[in-house]
Each structure stands twice: as C-alpha cells, then as structure tokens.
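> heads up, no residue letters with this:
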Ligand code: DMJ
C-alpha cells in the first residue's frame, strides 16, 4: 500500500501542471473518490436518503426515504461515465421511488435536488420513467403556489396536498423556477412555469424601492417582509441565481430585466471593498446601510453568476477573497467576518460553491491559477473529509475534527465540480447547458 501511494505521488509530481496526463490522473482520482463515497452509501445506507460513514449507518430526512443521494448523484454518474453505478442507482430509483407518501416535505429542497435530479437524469439518459417521476412529484407540490399573493408556501404534504409555512424566503420562492420551467418545456404544459414565475415576480415587486434588494423572510399570505436583512447568503442566494439562469435557459426577458435591476442593487449596497479583499456583506434592504460584514460558504455561488453575466473583473476579485478564505485553514469555514478575518462558524458541510465559482473562472478565463486552485480544493477534500470507508463533513476547519454525515450535494455538486476541472471536453461542456443550483445540467433540447 505504502509503495503504491509513493508511486501515485511520484507520478503526480512528474506531470506538467495542466497537461493531458495530469488531467487524466486527477479525473481518475475524482472518480475514485466518487466511487468510494457511493460505496459507503451502498454499504450502509442503501435505500435511505444519506449516509453516515463513521457510524456505518444511514438516515432519512423524513419518516420515509425519498432516495435523496441516488437521485442527486445520478447526473454526476452520467458525466463521469460510471456505468455500473448508474445501473445500481437506476434500479433502486425505479423499484423504490414513489411519491405517494403521507409526508410533509420542504418544497424547495425537494425541487432542486429530486425534481432537478430526475429532470436532468431524463435529459442525460433518455429513460422516460425519470420524466414521469419528476412530473408526478411536481403535481404533488403544486398546491404550494395557491396562496393569496402567489408566493409559495414552504411545506406541502405529498399525499394530501396540505400546505403550511407562510413565512418563507426568496430562495424558497424562486429557486425552483428552472426545474418547473424545464418540466413545462419537456411536457408542453406551461402552467408549471407560469405558477412558479408568479411567485418570483411577487417577491421582486416587493423589493425595496431605494436599493432594489430583497430581504430574508416574507409572509406568503400578506406579502409583508418579516426580516429585512439583505445579503447573498442562505434564504436569498439562489433567488438571484435563478433570475440570471432563467433568462439564459429560457430567454425570458422579464427575468433578464429583473436580474439587471437586482444586480445593480447588489453591486451598490452589498459589494464591499475592504483591506482583506472584495466581499459581499449584509445590508438593511430599505436603507442599504451595512449591517454586518459576514460572508460565508453559501455566498460564494455569486462568483459563478458574475462569470455567467460576463463580469469577469468582479468574479476575479471575489475569487481572490474566496480562495483566501479557503486557504486560511485549508478548507473554508461556513461563515467568516471579513472585517477582521475571524471565523464565525467553523464547520464545513463539504459544500460546492467555492469550488464551483473557481471552476467557472477557470472555464471562462483559462487562467492556470484557477486550475491550480481546483487541485488544491480537491486535495483538501481528499485529505480532510476522507475516512477509511467514505467521505464526511468537518465539524470545525480549525481542528479538522470529522462530522459523521454527508449531504447528497457532495455527490451532485462538490465532486462534479471537482471533476469538471479535469474532464475531457466530450464528457461535459459548460457552454452547452445551464447547471441548476444543485449542479444538475439542463439542456435546451426544446430548441433542437
Ligand atoms: C445545495 O443544496 C444547493 O447548492 C443550494 O443552492 C445551496 N445549498 C446546497 C449546497 O451548499
């Protein structure tokens, strides 16, 4: 074993950075990591939502499983060309996945991970059973849109359609517009997209007049903001992402206008040039006054949006800060106060956003520093998140103590983005699709 490791390390060192050999070497390493994580799921959590490798068991989000990991993992298996694993996941999904369950689920998470995963699987694989499952799920979730304002409720019972959770947030209102939109395109039924877009517009219409920013929480029944903190972090993040990606995927000019308005607000009131770098902080949505200098792992998604919006200058500035945050401890913390560069929350959920933003920059600039950083990020995951039998999250990046759980987005996103740095052109091209917020690729097949 030691000899083998020595051989592998020596091999990596003799390869020229960025060479075909090195890319093949790393692509294989990422695939090996994926297989190891998948084998842990197979061995300890088969048929459940997610795996806990250290305690050698699995867990579900709700009282019954929805196969979160296999569904989320499928598009990555397709891109990596993992035929054996695809067969296993497919069999499990078609034998066991059934949405006729008395479960109250969180519409947004299920839409981006499961509906998005199924739609993308259908586009990549062609099996119509994926599309049928996605549509069945969507129909069961549609009652969320029946609120007085059109802003969706957060929760819905998959069997009864009973909704709950009127206090929601922009992310959970808008970050399924791509999924419902793709379903509309693939089924020829516009109502999925139209209902979802109504909620997106309802939130946009309630943005602050001075700043053009949205807040953290809104009441779906009254349309009143209940938390006016504006930022790019959780609860808001993918709302903005989907305005831009919705425009790019569907050519919807309303979304383009909304994105253009919001991005100006973001640049004027959230962007923050500090001695420590270029960041996006928090502000009061009405006044635009800075309320905190906290930036986190989730906020990093915005770098990819800047790239898609062709704002490479700001994307580069932001990535310099993100990479600084990553390198402080060798993995990024969940939250950082960028004013004094202190860790506010030290855990690492094996999230993808920093790797994703850096990958977009690599793709659009071909500047080798981003390729090198991609290697650094993947090596760090190998070093710190790997256990004897799988991969886990980290309790605190300052101690690198392991946290015995693994989110399904590790399969859908984190390892997919790691792979894309090294993947051969024929395996994947970012120019041919739009990745949803869970990194499931959507293709404009309806234009073919
Ligand atoms: C994923 O489920 C998605 O990327 C979502 O947009 C944000 N949270 C996780 C990854 O961090």
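Nice, thanks for sending it over. These figures come from a predicted structure and were not determined experimentally.
> for the stretch 1-150 of the chain, just list every one of the helices.
Assigned by DSSP state H, counting those that start in this stretch, the stretch 1-150 of the chain shows helices spanning 2-14, 20-45, 68-80, 83-96, 107-110, 116-125, 128-141.
> what does stretch 432-448 contact?
Stretch 432-448 is contacted by residues 72, 75-76, 79, 112-113, 116-117, 119-120, 123-124, 175, 178-179, 182, 185-186, 237-238, 241-242, 245, 248-249, 301, 352, 356, 409, 412-413, 416-417, 428 when judged by C-beta atoms under 8 Å, 6 or more residues apart in numbering. Heads up, the C-betas are built off the backbone N, CA and C, glycines and all.
> kindly state which of the helices of the stretch 1-150 of the chain is positioned closest to the ligand.
Comparing the helices of the stretch 1-150 of the chain against the ligand with C-beta to the nearest ligand atom, the closest turns out to be helix 107-110 (6.9 Å).
> tell me the helices and strands packed up against the closest one.
helix 128-141, helix 170-174 (3 or more C-beta pairs under 8 Å, 6 or more residues apart in numbering; DSSP states H and E).
> for it, give the mean pLDDT please.
Mean pLDDT, computed over helix 107-110, is 98.
> got CSV for the helices of the stretch 1-150 of the chain, with mean neighbour count and distance to the ligand too?
Output for the helices of the stretch 1-150 of the chain, formatted as CSV (neighbours: other C-beta atoms under 10 Å; distance: least, C-beta to the nearest ligand atom, whole Å):
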stretch, mean neighbour count, distance to the ligand
helix 2-14, 9, 28
helix 20-45, 18, 16
helix 68-80, 27, 9
helix 83-96, 15, 18
helix 107-110, 23, 7
helix 116-125, 26, 10
helix 128-141, 20, 17
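> what residues does the stretch 251-400 of the chain have near the ligand?
Residues of the stretch 251-400 of the chain lying near the ligand by C-beta under 6 Å from any ligand atom: 298, 351-353.
> mind picking the two most distant members of the residues you listed?
Largest separation among these by C-beta to C-beta: 298 and 352, giving 10.2 Å.
> hmm, residue 182 is touching residue 119, no?
Yes: if you go by C-beta atoms under 8 Å, residue 182 and residue 119 touch, sitting 5.1 Å apart.
> pull the contacting residues for residue 405.
Contacts of residue 405 by C-beta under 8 Å, 6+ apart are 50-52, 59, 392-393.
> correct me, but residue 307 touches residue 360?
Yes: counting by C-beta under 8 Å, residue 307 touches residue 360, with 3.9 Å between them.
> identify the contacts common to the two.
Contacts common to residue 307 and residue 360, judged by C-beta under 8 Å, 6+ apart, are residue 315.
> tally of neighbours for the residue of the stretch 201-350 of the chain found nearest the ligand?
For the stretch 201-350 of the chain and the ligand, the shortest gap (C-beta to the nearest ligand atom) falls at residue 238, measuring 4.6 Å. Neighbourhood size, residue 238 [other C-beta atoms under 10 Å]: 27.
> so what's it up against?
112, 171, 174-175, 301, 437.
> confirm it sits in a helix?
Yes: counting by DSSP: H, G, I helix; E, B strand; the rest coil, residue 238 falls inside a helix.
> roughly how far apart are the residue lying closest to it once chain neighbours are set aside and the ligand?
The shortest distance from residue 238 to any non-neighbouring residue, by C-beta to C-beta, 6 or more residues apart in numbering, is to residue 175 (3.6 Å). Residue 175 is 6 Å from the ligand, where distance means C-beta to the nearest ligand atom, to the nearest Å.
> so what's the backbone phi/psi at residue 175?
Backbone torsions for residue 175, taken as degrees, to the nearest 10, come to phi -90, psi 30.
> what about the chain, any weak spots by pLDDT?
1-13 (pLDDT under 70).
> one more time with 50
Applying pLDDT under 50 to the chain flags the ranges 1-7, 10.
> sorry, back to before: between the helices and strands packed on helix 107-110, which one is nearest to residue 259?
Short answer: helix 170-174, nearest of the helices and strands packed on helix 107-110 by C-beta to C-beta, at 11.2 Å.
> elements contacting that closest one?
Packing contacts for helix 170-174, counted by 3+ C-beta pairs under 8 Å, 6+ apart, involve helix 107-110, helix 191-205, helix 237-250.
> quick one: contacts of the shortest one?
Helix 107-110 is contacted from outside by 61, 66, 137, 141, 144, 152-156, 171-172, 175-176, using C-beta under 8 Å, 6+ apart.
> now swap in the longest one and tell me
When contacts are defined by C-beta under 8 Å, 6+ apart, helix 191-205 is touched by residues 138, 142, 145, 149-152, 170, 173-174, 176-177, 180-181, 183-185, 214, 218, 223, 239, 242-243, 250, 252, 254-255, 258, 262.
> recalculate using a threshold of 6 Å.
138, 145, 149-152, 170, 173-174, 177, 180-181, 183-184, 214, 258 (C-beta atoms under 6 Å, 6 or more residues apart in numbering).
> quick one: which of those is nearest residue 272?
For the contacts of helix 191-205, the closest approach to residue 272 (C-beta to C-beta) belongs to residue 214, at 18.3 Å.
> not counting sequence-adjacent ones, nearest residue to the closest one?
residue 170 (4.8 Å).
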